[in-house]
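Undergrad: here you go, sequence then predicted model.
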4 protein chains.
Amino acid sequence: MTTTPVMQRCLPRRQFLTRCAVCMSGSFVPSILFAHQQPPVSASPGAPDVIGDLVAANRILAQEGVVDAYGHVSARLTPATNRFLLSRSVAPALVTAADVMEYDLDGNAVSPAGRSSYLERFIHSEIYKARSDVNAIVHCHTPSIIPFGASTVPLRPMYHMSSFIAEGVPVFEIRDAGGMTDLLVRDGRLGRALAQVLADKPAALMRGHGAVVVGQTIPTVVGRSIYLDVNARLQAEAIALGGRVTYLDSEEARRWDAANGTYDRAWELWKRKAIPK
Amino acid sequence: MTTTPVMQRCLPRRQFLTRCAVCMSGSFVPSILFAHQQPPVSASPGAPDVIGDLVAANRILAQEGVVDAYGHVSARLTPATNRFLLSRSVAPALVTAADVMEYDLDGNAVSPAGRSSYLERFIHSEIYKARSDVNAIVHCHTPSIIPFGASTVPLRPMYHMSSFIAEGVPVFEIRDAGGMTDLLVRDGRLGRALAQVLADKPAALMRGHGAVVVGQTIPTVVGRSIYLDVNARLQAEAIALGGRVTYLDSEEARRWDAANGTYDRAWELWKRKAIPK
Amino acid sequence: MTTTPVMQRCLPRRQFLTRCAVCMSGSFVPSILFAHQQPPVSASPGAPDVIGDLVAANRILAQEGVVDAYGHVSARLTPATNRFLLSRSVAPALVTAADVMEYDLDGNAVSPAGRSSYLERFIHSEIYKARSDVNAIVHCHTPSIIPFGASTVPLRPMYHMSSFIAEGVPVFEIRDAGGMTDLLVRDGRLGRALAQVLADKPAALMRGHGAVVVGQTIPTVVGRSIYLDVNARLQAEAIALGGRVTYLDSEEARRWDAANGTYDRAWELWKRKAIPK
Amino acid sequence: MTTTPVMQRCLPRRQFLTRCAVCMSGSFVPSILFAHQQPPVSASPGAPDVIGDLVAANRILAQEGVVDAYGHVSARLTPATNRFLLSRSVAPALVTAADVMEYDLDGNAVSPAGRSSYLERFIHSEIYKARSDVNAIVHCHTPSIIPFGASTVPLRPMYHMSSFIAEGVPVFEIRDAGGMTDLLVRDGRLGRALAQVLADKPAALMRGHGAVVVGQTIPTVVGRSIYLDVNARLQAEAIALGGRVTYLDSEEARRWDAANGTYDRAWELWKRKAIPK
């Protein structure tokens, strides 16, 4: 399945920036950009990049098959504001800068302006509360990871590109926290339970649902989400071969992550594929 | 394999509506639109949307790989008329509004105007007769579901997106109803036998053939068809891992379906991919 | 992987016909079109369609993943001439009318005009000699069928669309005919050995190499090649589920083939995808 | 997933050559092209083709899924110069002629001009040193081969297209050479250890990392990389069927390679797909 038709309708980079400027004079814009009728704290030169990168992350995750019509990606604003950015409730492939909303760490939209929120925004708010090292979060239902979330077979690192999972990928069983639910993380209590299972790890699976992946930057969390998917498929294939499998050693993984775990080279390619100039 | 080239020839939304207007003055139009030389009962403001949505459903199912050159999707007109809409016999990716025909609940075309009918229209007519809660039906040969239709291993719900199958997916063995056949549901008798196996469920597999999926609306039946496909692939992969698999609990499935089972957010994305503006 | 870029460079239908006309006045044209400086027997109104359909078949097989840069498809001219048409040695996705050459039933090109021939044209020549019911032949290395050609597990019919294999798909072991070879059917002797293994069946696998598929028409052999691929994947998945599998009964297959085995509806779709207007 | 959007931005062939000419008067050009302010030894009529083919190889490997944002391909310049060409550190899909740099056989860039080098260029330099028969090298992380690099199940040749692996594909265990590392071949010592494991073979797997493939020409190494990928998938599927598998005999493989192992027909197709005219 290809998302080409949608992507071909993406705005060229230049137009994209122009429209952002237009958005700023309209009503459906992130509150950060014109709150208090004066340049807010977060409207620093770096702030627009967060929104641009978050839009790119949405498009990339859709194009690479990590998300379909569902799933979301957020980014922490600044530590000082205790805020994070997340799109209104819409398919990631369709997200534009005007869809990006600002939330506080209890999952309340700061200036909703009539826009609806993702039901599961508490995944983001509670993890940002618990993990000061985390600045970007992906929630997804990537097909390859669902079997591992439902199986007693744990995910293990197949190669360097997915070395970040070497310390293990915990599985969140929502029945433990909420009994019989509709499987969604609909409130702060379930969000906190998920954050506790995630603990200090870079990713957790959610049984019968999907996964959450975290990172220090947007490119890192996007790269981790993409290679979590690849790793799941590689491991399934390695198991099916029937031989003995050698996984990465924790020390190998630690060394690779320390030296190379930012996925910068890939980020440039993914952006060019997802947002053609 | 991508259907992009075909899709790129799809009419832009605006042109599409224009052409529909043109169709109405021609001869190959659904009888509903100008029967009795006066606005028919079903030509209410909502009626044109049924045809538009049915065309979109055909394109979406083709684009998402649920159907290839074969398979079909129908929609019930209004309960009062005891009629349903279904394309003439053509590949779903090529269906336009002018191909949509009106049928009675015995599978007779109301105004064929020289257009040929799908041989298996009785799948639709007999299920509409038996299931007053059903307003849309998909018949498909999606590759991923064929193995489950032929195997003794039953489909089970892997995650929330496919929770609608939690009550089980019955398998229609046409030998039980018709002995040795060409496997097609060519008449009302075989259609009734299929409807009986389907009973009150949202989907049934057909051994050596494909599946039938039903729903209250067109977006729902399209979403169910797409995630039935995903679920089949996920379950096959989970089984291949060799561990123990935890499927959704019936209560989890019931709660998710009740709160979220309309696939509305996805419908918007699928339409934009299948029918570029 | 998508072949869209190549396909998008395909000639629109109208241009395509124009260029064919141009070809006819040039030097690289099938001999049939202007042999003897007068309308040949085979230049009947139907003759140009064979070439057009053969070009379409090449493009379709490439687009649907049946062939990659290798593999070929031929069509018998008329029984009277004992000739068949086959492209010069080029990747199927790139074949145009000017590439189509005429061969006799010993695999000799009638008017090569400097064009090189596929090494394995003897697959075609010897099967046309042995099978008067066959008018079109595909030779391919489709990935999904290679495992079945190398395995002791035989291909069996999973659903109606591939019912033509119900009588079994013989496997050609070239070692039986030629001992240690480079696996290619490079001469009439190996071609005859393959034709003997094929016998009266619609397809044969070739161990360590690929398959040959035959039919009464070009659309039929293309449809069979496409669904042979699908069937191989479906059967592999059904086996991996671990349950008992019910295959089509011979009588079910015979009935479906007799009533529906021409793939006409699919042919129209495949042509529109492979050769955009 | 498709790389169409990126590929559609590729320069048409004619423009591409024009831009190369432009590059030559700029600062970011391979040193070979204007070293010593006079036509260098390697600026023979054949030299520009090496760069053009190397750019094409990068695009082809990306398009065919052999590499994603990572991996690289190099070509030996002339035996006399003891130099090889390799892109600066960038995703293969984005490589242009201006990115191609010249290296000596210790992995030093001759005229970096501010451009950064791939960390693992020592894979190339040490193999060129050890193997005078090798003129082109691919390093990749193709998903299908990772399971075989980690498993005790060895790769074996499934069909003629991958017959080059009949003598076996050794597995490089970097722990044997370097103990706990970040898995990357970061220096000449690790490069030499890899070259020793490769020995006289056309390919070696790298446990937890990827593979290296070598050949006498750029089209050959590209073709081998593509069919190494296909072979891995075919073998995994053949094993999953559960029967006994017949692999190619060494003598069959030797004969096919000797007569056909250049992938010339495929190279033309791959170039047209990767670099649309």
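TA: Perfect, thanks for sending it.
Undergrad: pull the helix or strand with minimum mean pLDDT from chain A.
TA: helix A:13-24 (a mean of 25; mean pLDDT, DSSP states H and E).
Undergrad: next secondary structure after that one?
TA: helix A:47-63 (DSSP states H and E).
Undergrad: next, the closest residue to chain C within the stretch 151-277 of chain A: phi, psi?
TA: Nearest residue of the stretch 151-277 of chain A to chain C: A:Ala240, at 8.0 Å (CB to the nearest CB). For the C-beta atoms, the positions are set from N, CA and C on the backbone; glycine is no exception. The phi/psi pair for A:Ala240 (degrees, to the nearest 10) reads phi -70, psi -20.
Undergrad: isn't A:Gly210 up against A:Cys140?
TA: Yes. Between A:Gly210 and A:Cys140 a contact is recorded at 5.4 Å, counting by CB atoms under 8 Å.
Undergrad: can you list residues touching both of the two?
TA: Residues touching both A:Gly210 and A:Cys140 by CB atoms under 8 Å, 6 or more residues apart in numbering or on different chains: A:Gly71.
Undergrad: so between those two, which is more surrounded?
TA: Between A:Gly210 and A:Cys140, counted using other CB atoms under 10 Å in any protein chain shown, the more crowded position is A:Gly210 (28 against 25).
Undergrad: and that one, backbone torsions?
TA: According to degrees, to the nearest 10, A:Gly210 has phi 170, psi -130.
Undergrad: how about the helices in the stretch 51-200 of chain A?
TA: A:122-130, A:146-150, A:174-178, A:188-198 (DSSP state H, counting those that start in this stretch).
Undergrad: so which residues on the stretch 101-250 of chain A come close to chain B?
TA: Contact residues, the stretch 101-250 of chain A versus chain B (CB under 8 Å from any CB of the partner chain): A:141, A:143-144, A:146-153, A:175, A:180-184, A:207-210, A:236, A:239-240.
Undergrad: pretty sure A:Thr181 is touching B:Asp249, no?
TA: No. Between A:Thr181 and B:Asp249 there is no contact under CB under 8 Å: 9.8 Å.
Undergrad: contacts only, for A:Leu248.
TA: A:Arg156, A:Pro157, A:Met158, A:Tyr159, A:His160, A:Ser163, A:Ala166, A:Trp256, D:Leu183, D:Gly208.
Undergrad: list just the nearest of those residues to chain B.
TA: A:Arg156 (11.8 Å).
Undergrad: what about that closest one, how many neighbours?
TA: 19.
Undergrad: for it, which non-adjacent residue is closest in space?
TA: A:Tyr247 (4.4 Å; CB to CB, 6 or more residues apart in numbering or on different chains).
Undergrad: quick one: what helix or strand has the one you found in it?
TA: Going by DSSP H and E, A:Tyr247 is not in any helix or strand.
Undergrad: so how far is D:Gly208 from it?
TA: Distance, A:Tyr247 to D:Gly208, using CB to CB, to the nearest Å: 8 Å.
Undergrad: give me the common contacts of the two.
TA: Residues touching both A:Tyr247 and D:Gly208 (CB under 8 Å, 6+ apart): A:Pro157, A:Met158, D:Ala150.
Undergrad: thinking again about what came up before, who wins for neighbours among the contacts of A:Leu248?
TA: Busiest of those [other CB under 10 Å] is A:Met158, holding 30 neighbours.
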